[in-house]
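K.L.:
predicted structure and sequence below. I'll ask about it afterward.
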Amino acid sequence: MARTIWFLTGNSGKLKEATHHLQPLGYEVRQLIVEEGEIVEPQVESLEEVAQSKITQALLHLSDDQQSQDMILVEDAGLFVDNLNGFPGVYSSYVLDTIGCKGVLRLLEHLQSEDTIQCAQLRSAQFQAVAALWMDGEILYGNGVCPGWIALESSGEDGFGFDPVFTPNDLDAFGEPLPPGTYGEKSVHGKTFGDISLEEKQAYSHRSRALNDLLRQLPSA
Ligand code: ITT
């Protein structure tokens, strides 16, 4: 019988992505639905600490039987802008809800250059993701990074969150990200995540990388 993984998330896109990765390995992914406001996102320094706290809170929603047989998955992500010392980072959801993409663009208004490469370097940023899986009393962590830069203006209707202002770096032939300004086998040609399809985004996605990192540590069900 497939072992159940309870995924604590309010984001249906994330649920779909995790099912896509974990079902072929013999796991059944189910959404752990918790009433709004019941899960508190702690004000801590790292994505791993946020994930750990969410797992502790999620455990309270599983019965003893479920705790002995099932697993819990959480994922946390954020946008880290180098010239803002990593802000908004762990505060990404809050910053998106308050100042939004426009506010982030305004914070970087003084960082511009006619030279595209220099501009990308001045405005460099990365999405980071942590996928954490609780199993048999222990937590496994997977990490994923997507380096890129903050565009000069918002663009595109696809995606969510900071997608309309984020352009990922090119990838090499092995799918690994290159430094800003380096041409690679795969490129969005200066478009933002908001301009490309979800399928195309997968190749660059911090979340896919974090899940794959986790899967490498996981025994087959
Ligand atoms: P949970 O219910 O699972 O917590 P969430 O939608 O709150 O899902 P995260 O905590 O993973 O999402 O991400 C925090 C914020 O970071 C999220 O609100 C977005 O603003 C931003 N973010 C994360 N990944 C992103 C991506 O791929 N594209 C654009 N913005 C992203």
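P.N.:
Arrived safely.

K.L.:
rest of the way, CA atoms for contacts and neighbours
P.N.:
OK.

K.L.:
Met216: neighbour count?
P.N.:
One correction, residue 216 is Arg, not Met. By other C-alpha atoms under 10 Å, 10 other residues sit near Arg216.

K.L.:
cool, Leu59 as well?
P.N.:
16.

K.L.:
in this structure it contacts Gln66, no?
P.N.:
No: between Leu59 and Gln66 there is no contact under C-alpha atoms under 8 Å: 9.4 Å.

K.L.:
how close does Asp213 get to the ligand?
P.N.:
16 Å (C-alpha to the nearest ligand atom, to the nearest Å).

K.L.:
who touches that residue in this structure?
P.N.:
Gly142, Asn143, Gly144 (C-alpha atoms under 8 Å, 6 or more residues apart in numbering).

K.L.:
what about the residue lying closest to the second one once chain neighbours are set aside, which SS state?
P.N.:
The one in question is Asn143. By the measure of C-alpha to C-alpha, 6 or more residues apart in numbering, the closest residue to Asn143 outside its immediate chain neighbours is Ala210, 4.2 Å from it. Here Ala210 is recorded as helix under DSSP: H, G, I helix; E, B strand; the rest coil.

K.L.:
skip ahead from the helix or strand bottoming out on mean pLDDT in the chain and say which helix or strand is next.
P.N.:
Ranked by mean pLDDT, DSSP states H and E, the helix or strand of the chain with the weakest confidence is helix 12-22, at a mean of 84. Next in sequence after helix 12-22, counting helices and strands by DSSP states H and E, comes strand 27-31.

K.L.:
quick one: list the elements packing against the next helix or strand after that following strand.
P.N.:
As assigned by DSSP H and E, the chain's next helix or strand after strand 27-31 is helix 47-59. When contacts are defined as 3 or more C-alpha pairs under 8 Å, 6 or more residues apart in numbering; DSSP states H and E, helix 47-59 sits against strand 71-81, strand 124-135.

K.L.:
so is helix 47-59 next to the ligand?
P.N.:
No: applying C-alpha under 6 Å from any ligand atom, one finds helix 47-59 out of contact with the ligand, separated by at least 8.9 Å.

K.L.:
and that helix, which residues are buried?
P.N.:
By 16 or more other C-alpha atoms under 10 Å, the buried positions in helix 47-59 come out as Leu47, Glu48, Glu49, Val50, Ala51, Gln52, Ser53, Lys54, Ile55, Gln57, Ala58, Leu59.

K.L.:
which residue, neighbours along the chain excluded, lies closest to the last one?
P.N.:
Leaving aside its sequence neighbours, Leu59 sits nearest to Gln67 (C-alpha to C-alpha, 6+ apart; 7.3 Å).

K.L.:
how near is the one you found to Gly148?
P.N.:
39 Å (C-alpha to C-alpha, to the nearest Å).
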